[in-house]
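Student: coordinates for the following, if possible.
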Amino acid sequence: MKKKFLALALTFAMVGGCLVGCGNDSSKTTEETKTEETAEQGATEETTEEATTEETESSDAAAENDPIQNLISATTDTVNLRVWAAEEDQDVTKKMINDFTAQYEAQGVKFNIELGVQSEASAKDTVLADMDAAADVFAFADDQILELVNAGALQEVAQTYTYDVQNENLSGSVEAATIDGKLYAYPMTADNGYFLYYDKSVISEEQAGSMATMCEAADAAGKKVAMIVGDAWYNYSFFKGAGLDVTLDADGKTNTCNWNGDGGTDVAQAIIDLGKTKGFANAKDDPAIVTGVKNGKYAAVISGVWNSDAITKAWGDNIAATKLPTYTVAGNEVQMSSFSGYKMIGVNSHSKFVGWSMLLAEWLTNADNQKLRFTERGLGPANIQASESEEVQAAPAIAALAKQAEYAVPQRVGGNYWDPAKTLGQTLITGNKDGTDLQELLDNAVAGITAPVEG
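Tutor: Alright, predicted model coming up:
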């Protein structure tokens, strides 16, 4: 557009210069001058009309390329949508929806949006029970995405309206929302993972980088470093950190696992050794973690954001948080890995208003609303801009999750993973009291983890 205005200005300047020159030419008659002025005026009017036409055509083309305007123009009836959010998310989601409807009702669109309660943990089962009756827009935990996609329940995010979903969210969250190279959901939070909390009056920042040095510092103070090793969600961190893994097959149910491969027995022995280490405690469960922090037994714990308030109250200004430490495997220090967890917003592929559902999903997960979730509910943002804000970075737990993200992977395991991995972890951390050959222990665990799933 700048070039068009510049050309028009140059045209007027050239015409004006010519008119001045003609007025000083005494050799021309009055009639000749009038004829030339008339011709020049016609040329000027023609140029102006051409410029106006080009500008109008450019504006029309811009309108045609505006997906939101196209959506508004194509909407003649009331937009009826159903939204599902967790019970604890009802108030903040309602506020977001009200702001959304206010913005587009001002542009002539009528809405009827119904907000219902549905846990993110069970959203998949409810949606797949009857996709036609399910909500148009719903929140779910990222480990459900493969089954939702395989069932054809999720609309691919092939169109964006207000922000670049793939490039404006943390890479881990985008990876978790992607199946076979296609994006199927909008990352909403990035805080369902675990990391290290420590009491900095007992353990220094440097000591917190290694399980061995941490345990030494804790033991010197008569305290312990605690982790729930007898839990399949947590003990995955040892094997994955050492390069061994469990992956979900394409059917979304069966697992592939190489824990019993090269290096597996070294990891198993390392877990046994950790259980015997002074200054380390194998916590029974999550409530035991909180109790140990409150009664002063633990100087460091591996946990998640859900315990942030309790740990902060117990340690006060001495609370610190960071990525998981390294641990010793066959004489080498290995960085502990972890499962990462994300909450997503999905659009039902059976929605009668897919375009508006996608625009609303974007709205519910944009940078401003992810900041709002953090402010009102303490949930860690998946949006890069929101996660890098001063408010979020000032929260120790959220900042620690961001540090651990480099070593975390989305939770992609089938149901047969949990019990065998749990049993293995409990056997190892308590010293393998039966004296079973470690390779045999691993072979048995892997057989259970990879067992076929019927139905």
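
Student: so who does Ala139 touch?
Tutor: Trp84, Ala85, Ala86, Asp89, Gln118, Glu120, Ala123, Met188, Lys343, Met344, Ile345, Gly346 (C-beta atoms under 8 Å, 6 or more residues apart in numbering). (Glycine included, C-beta is placed from N, CA and C.)

Student: among these, which one is most surrounded by other residues?
Tutor: Using other C-beta atoms under 10 Å as the neighbour criterion, Gly346 leads the contacts of Ala139 with 31 neighbours.

Student: what's the helix or strand for that residue?
Tutor: Assigned by DSSP states H and E, Gly346 belongs to strand 343-347.

Student: now do whatever helix or strand comes next after that strand: distance to the chain's middle.
Tutor: Next along the chain after strand 343-347, taking DSSP H and E as the criterion, comes helix 354-364. Distance of helix 354-364 from its chain centroid, counting by C-alpha atoms, centre = their mean, to the nearest Å, is 17 Å.

Student: need the helices for the stretch 151-300 of the chain, in chain order.
Tutor: 171-176, 211-220, 232-241, 264-275, 286-294 (DSSP state H, counting those that start in this stretch).

Student: residues in contact with the fourth one?
Tutor: Contact partners of helix 264-275, identified using C-beta under 8 Å, 6+ apart, comprise 211, 229, 235, 238-239, 242, 244, 258-259, 280, 282, 327-330, 425, 428-432, 438-439, 441-442.

Student: let's see which of these end up in strands.
Tutor: Among the contacts of helix 264-275, the members found in strands (DSSP state E) are Phe280, Asn282, Tyr327, Thr328, Val329.

Student: below-threshold pLDDT in the stretch 101-250 of the chain: ranges please.
Tutor: Of all residues in the stretch 101-250 of the chain, none has pLDDT under 70.

Student: all the strands of it, residue numbers only.
Tutor: Along the stretch 101-250 of the chain, the stretches classed as strands by DSSP state E, counting those that start in this stretch are 111-117, 137-141, 178-179, 182-183, 186-189, 195-199, 224-227, 246-248.

Student: send the alpha carbons of the fifth one over as CSV?
Tutor: Taking Å, rounded to 0.1, in the frame of the first residue of the first chain, the C-alpha atoms of strand 186-189 are listed here in CSV:
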residue,chain,number,x,y,z
TYR,A,186,-4.1,-27.0,22.0
PRO,A,187,-1.6,-27.1,24.9
MET,A,188,-3.2,-25.5,28.0
THR,A,189,-0.8,-26.3,31.0
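
Student: list the buried residues in it.
Tutor: For strand 186-189, the neighbour count (16 or more other C-beta atoms under 10 Å) marks Tyr186, Pro187, Met188, Thr189 as buried.

Student: nearest to Thr450 among those?
Tutor: Closest approach between the buried residues of strand 186-189 and Thr450, by C-beta to C-beta: Pro187, at 29.9 Å.

Student: the contacts of helix 264-275, buried ones only, as a PyMOL selection?
Tutor: Buried residues within the contacts of helix 264-275, by 16+ other C-beta under 10 Å, are selected in PyMOL with:
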select buried, resi 211+229+235+238+239+242+244+258+259+280+282+327+329+425+428+429+432+438+441+442
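
Student: ok so, going back, what residues does the strand holding Gly346 touch?
Tutor: Taking C-beta under 8 Å, 6+ apart as the rule, strand 343-347 contacts 120, 123, 136-142, 145, 148, 153-155, 157, 176-177, 184-189, 192, 354, 357-358, 361, 364-365, 379.

Student: tilt between that strand and helix 354-364?
Tutor: 160 degrees (axes from the mean of the first three to the mean of the last three C-alpha atoms, to 10 degrees).

Student: for strand 343-347, give the mean pLDDT please.
Tutor: Strand 343-347 comes out with an average pLDDT of 97.

Student: direction included, what does it pair up with?
Tutor: Strand 343-347 has the following sheet partners, assigned by DSSP bridges: strand 137-141 (antiparallel), strand 186-189 (antiparallel).

Student: output it as CSV, nothing but the C-alphas.
Tutor: Output of strand 343-347 as CSV, limited to C-alpha atoms (Å, rounded to 0.1, in the frame of the first residue of the first chain):
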residue,chain,number,x,y,z
LYS,A,343,-3.3,-30.6,30.0
MET,A,344,-4.8,-30.0,26.5
ILE,A,345,-7.9,-28.5,25.0
GLY,A,346,-9.4,-30.6,22.2
VAL,A,347,-12.1,-29.9,19.6
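
Student: go through the contacts of Ala139 and name the one nearest Ala408.
Tutor: Scanning those for proximity to Ala408, where the rule is C-beta to C-beta, the winner is Lys343, at 15.0 Å.

Student: how about the closest one, nearest residue that isn't a chain neighbour?
Tutor: Thr189 (4.2 Å; C-beta to C-beta, 6 or more residues apart in numbering).

Student: what's the end-to-end length of stretch 70-89?
Tutor: Distance across stretch 70-89, first residue to last, is 31 Å (C-alpha to C-alpha, to the nearest Å).

Student: ok, stretch 343-361 next?
Tutor: Using C-alpha to C-alpha, one end of stretch 343-361 lies 13 Å from the other.

Student: buried ones in that stretch?
Tutor: Applying a neighbour-count criterion of 16+ other C-beta under 10 Å, one finds 343-351, 353, 355-361 buried in stretch 343-361.

Student: now do stretch 250-270
Tutor: By neighbour count with 16+ other C-beta under 10 Å, stretch 250-270 contains the buried residues 252-255, 257-260, 263-268, 270.

Student: again, but for stretch 105-117
Tutor: Buried residues in stretch 105-117 (16+ other C-beta under 10 Å): Val109, Phe111, Ile113, Leu115.
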